[in-house]
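S.K.: My questions concern the predicted model and sequence given below.
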Amino acid sequence: MIDTVLKQGHESDDPQQRRGLFLVAAFVGFCVIAVVGYLALASYFLRTEAAKTPERAQFFASSIDDALTRLEHLPYVLSVDETTLEALITGDTAGLNPILADIAARAGAEFVYVLDLNGKTIASSNYLDAQSLVDNYYTFRPYFRDAVAGGAGRFYAVGVTTGRPGYFIAEPVRDVDGTIFGVVTVKIGFDDLSRALSGNGELVMVTDEQGVVLASSDSDLIYGYMSPLSDTDRRMVAEQQQFGDRTLFPLDWVQEGERRARLDGTAYVWTKAYLEQEDWSLHLLSEVRESRRLAMLYVAGGVMSLLVLTVAASIYRAAQLRNALVISNADRQRLTREIEERRSAEQKLESARSELAQKEQLAALGQLSASITHELGQPISAMRNYLVAEEIAVDAQPNALWPQLSGLVDRMQRIVDQLRLFGRTSASTTTVFPVHDTIEAAMQLVRHTARDAQTQLNVTVPDALVTLRGRPERFEQVIVNLLRNAIDATEDITDGAVDLTMTEQPGSIVLTVSDNGVGLGGLNIADLSKPFFSTKPSGKGMGLGLAISGQIINEMGGTLYAENGPDQGAVFVITLPKADGSDA
């Protein structure tokens, strides 16, 4: 026996069994906590809702009071008006009907009408309608009897003529001696009031002193009564025809406590407020199930949160591993980016070194070219003068005596001109200058070159004065360089031609130099603008003209563009901003 008990005790100490018992106990405890939490939250939300509803109920009651008293002054104002009294005394209502119609439209009243002492309507705001109140008798209405007795009449009823519910306000019409001649009545429609209540999203009912629902956010509840009507109440309602042909019906209403009620089987938090204008009550009903549903949502949220935490704990280790892998991949990608950035930096550094060396070379060459042009300019000019003097002495044609020597002198002169163009600097500041004069000066310099190459020069410029801002002598260098390059490109072309065209655009000018020569040969402006790059044969040029021209155009705020012509040859396009006219 003892061995059996010990054996069972050892079996109960099995870890798997203990784990199972723990899970069962945890589940049961969790369910108990969830149920207790639901009950506590439901009770709390119900108390909170009950604490908030009195203020809302009083707000609705005040709003209805305001609606009932909105036109309270109107019957009195009309009762003291001489037109109303005169119509009652004389019986002439032809002029009173339009006045009442206009007043009703402006005040927003459903009807405004005047009754004589017999309860007959002698004038009404709806005198033109098919359901006009004129000639109808309303002696059975309490508001008429109260007004004829000298007081103010107030009454809710369904119109016997229109079948629409409303609130009637009546005042007696007296003469200066206080004699009553009739009654002025204003009807305020109740349909708009019910529609206003339905827009707040809550169940609201307005009941009279007998408990009959006069207005509600749920139209199906109107004309229902919350408690049985006595025989006296039913007889009075029938005599006054208060509800017309509408049938009153009992509501499935059960009061379960001071603040709890049930309507049509649904439990509500019930709040009651009273109106000041009438002996009516306002009932604000908030569903209990909304509070219970909210409590259930909170409990469900707690359960979901616990489940989420459980799932999060189970995947935490896997997330750590994934994070480590992501970090490793990020480090590898970062290292790859750093290697690529270093390679890019090295390439940029090499490019910068190359550009720096090139600029240093250009600077040195500029100084050297200035010295060379200074030293060679006079000897070359002297040699040319000696040759010309000898040709004049023997009466020979130009370049006829020593053509090879003359060619060498011309060749040296072109090289010196290129060096002078490269090394030339100007101490002048920028100024506004006319483009026409600069073009004409450039043409004077290249006309003899074009004539020797048998190339036709065509110039097309607008008649209007166009000005630019810059250094005119440097801009002239650009035009001369482009024209000479175009002439050189057409030197071996039959019927060679070079066209210089200037056009105006808003705020800028476009200067185009085109030729019918050999074209760019697959090159672009970037290739042609590199220093020391030239497509000309040796001795024809140093490859510095376009590099210097591009720099000059950039300094002037413009652009230099080159492309092959549509048929043949090359087209160079300069775009420059116009100068401000005030600087001209």
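M.R.: Nice, I can see it. Because the structure is a prediction, the values reported are computed rather than measured. Residues are numbered from 1 along each chain as shown.

S.K.: got any ranges where the stretch 351-500 of the chain has weak pLDDT?
M.R.: By pLDDT under 70, the low-scoring segments of the stretch 351-500 of the chain are 355-371, 373-375, 377-378, 391, 394-411, 413-428.

S.K.: Go again with 50.
M.R.: Applying pLDDT under 50 to the stretch 351-500 of the chain flags residues 427.

S.K.: mind listing the helices for it?
M.R.: Assigned by DSSP state H, counting those that start in this stretch, the helices in the stretch 351-500 of the chain fall at 403-423, 435-452, 472-489.

S.K.: For the last one, name the packing helices and strands.
M.R.: When you say that, I think you mean helix 472-489. With contacts defined as 3 or more C-beta pairs under 8 Å, 6 or more residues apart in numbering; DSSP states H and E, the packing partners of helix 472-489 are strand 431-434, helix 435-452, strand 497-505, strand 508-515, helix 545-555, strand 570-577. Glycine gets a C-beta too; all of them are placed from N, C-alpha and C.

S.K.: Those: which one's closest to residue 25?
M.R.: helix 545-555 (86.3 Å; C-beta to C-beta).

S.K.: Do me a favour and average the pLDDT over the closest one.
M.R.: Mean pLDDT, helix 545-555: 80.

S.K.: how close does the closest residue to residue 557 other than its chain neighbours get to residue 502?
M.R.: Excluding its sequence neighbours, the residue lying closest to residue 557 (C-beta to C-beta, 6 or more residues apart in numbering) is residue 577, at 5.4 Å. Distance, residue 577 to residue 502, using C-beta to C-beta, to the nearest Å: 14 Å.

S.K.: do the same with residue 393
M.R.: 45 Å.

S.K.: likewise residue 554?
M.R.: 20 Å.

S.K.: Could you do residue 100 as well?
M.R.: Taking C-beta to C-beta, one finds residue 100 at 86 Å from residue 502.

S.K.: which one of the two has more residues nearby?
M.R.: residue 100 (26 against 17; other C-beta atoms under 10 Å).

S.K.: Can I get the helix or strand that one falls within in CSV? Just the C-alpha atoms.
M.R.: In this assignment (DSSP states H and E), residue 100 forms part of helix 96-107. C-alpha atoms of helix 96-107 as CSV (Å, rounded to 0.1, in the frame of the first residue of the first chain):
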residue,chain,number,x,y,z
LEU,A,96,-54.8,90.8,-44.2
ASN,A,97,-54.3,87.5,-45.9
PRO,A,98,-51.1,88.6,-47.9
ILE,A,99,-49.7,90.2,-44.8
LEU,A,100,-50.1,87.0,-42.8
ALA,A,101,-48.5,84.9,-45.6
ASP,A,102,-45.5,87.2,-45.7
ILE,A,103,-45.1,87.1,-41.9
ALA,A,104,-45.3,83.3,-41.8
ALA,A,105,-42.7,83.0,-44.6
ARG,A,106,-40.3,85.3,-42.9
ALA,A,107,-40.7,84.0,-39.4
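
S.K.: Tell me the helices and strands packed up against that helix.
M.R.: helix 73-79, helix 82-90, strand 111-116, strand 121-124.

S.K.: Show residues contacting it.
M.R.: Residues from elsewhere that reach helix 96-107 (C-beta atoms under 8 Å, 6 or more residues apart in numbering): 71, 74, 78, 83-84, 87, 109-114, 122-128, 134, 186.

S.K.: and what of stretch 134-141?
M.R.: With C-beta under 8 Å, 6+ apart as the test, stretch 134-141 has contacts from 97, 113, 115, 118-124, 127, 144-145, 153, 155, 157, 160-161, 168, 185, 239-241.

S.K.: residues of that stretch that come out buried?
M.R.: 134, 138, 141 (16 or more other C-beta atoms under 10 Å).

S.K.: What of stretch 328-341?
M.R.: Counting neighbours by 16+ other C-beta under 10 Å, stretch 328-341 gives no buried residue.

S.K.: Start at 867, not 1
M.R.: Okay, using 867 as the starting number, the last item reads as stretch 1194-1207.

S.K.: How many residues are close by the residue nearest to residue 1016 when sequence neighbours are not counted?
M.R.: For residue 1016, ignoring the flanking residues on the chain, the nearest one in space by C-beta to C-beta, 6+ apart is residue 1038 at 5.9 Å. Using other C-beta under 10 Å, the number of residues around residue 1038 comes to 24.

S.K.: can you check the one 5 residues further on too?
M.R.: Taking other C-beta under 10 Å as the neighbour definition, residue 1043 ends up with a count of 5.

S.K.: Three-state assignment for it, please.
M.R.: coil (DSSP: H, G, I helix; E, B strand; the rest coil).

S.K.: List phi and psi for it.
M.R.: phi -90, psi 0 (degrees, to the nearest 10).

S.K.: Against residue 949, how distant is it?
M.R.: Residue 1043 is 19 Å from residue 949, by C-beta to C-beta.

S.K.: for residue 1352, same thing?
M.R.: 102 Å.

S.K.: quick one, which of the two is more surrounded?
M.R.: Neighbour count, other C-beta under 10 Å: between residue 1352 and residue 949, residue 1352 has more, with 27 against 14.

S.K.: so that one makes contact with residue 1385?
M.R.: No. Using C-beta atoms under 8 Å as the test, residue 1352 is too far from residue 1385 to be in contact (11.2 Å).

S.K.: Can you select the buried ones among the contacts of stretch 1000-1007 for me in PyMOL?
M.R.: Restricted to buried positions by 16+ other C-beta under 10 Å, the PyMOL selection for the contacts of stretch 1000-1007 reads:
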select buried, resi 963+979+981+985+987+988+989+990+993+1010+1011+1019+1021+1023+1027+1034+1051
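
S.K.: wait, isn't the residue nearest to residue 1423 in contact with residue 1424?
M.R.: Yes. Applying C-beta under 8 Å, one finds residue 1443 in contact with residue 1424, separated by 6.8 Å.

S.K.: any residues in contact with both of those two?
M.R.: With C-beta under 8 Å, 6+ apart as the test, residue 1443 and residue 1424 both reach residue 1374.

S.K.: out of those two, which sits in the busier spot?
M.R.: Neighbour count, other C-beta under 10 Å: between residue 1443 and residue 1424, residue 1424 has more, with 22 against 13.

S.K.: Just list the residues touching the residue lying closest to the more buried one once chain neighbours are set aside, thanks.
M.R.: Distances taken as C-beta to C-beta, 6+ apart put residue 1442 closest to residue 1424, at 3.7 Å, once the chain neighbours are dropped. Neighbouring residues of residue 1442 by C-beta under 8 Å, 6+ apart: 1334, 1374, 1375, 1377, 1419, 1422, 1423, 1424.
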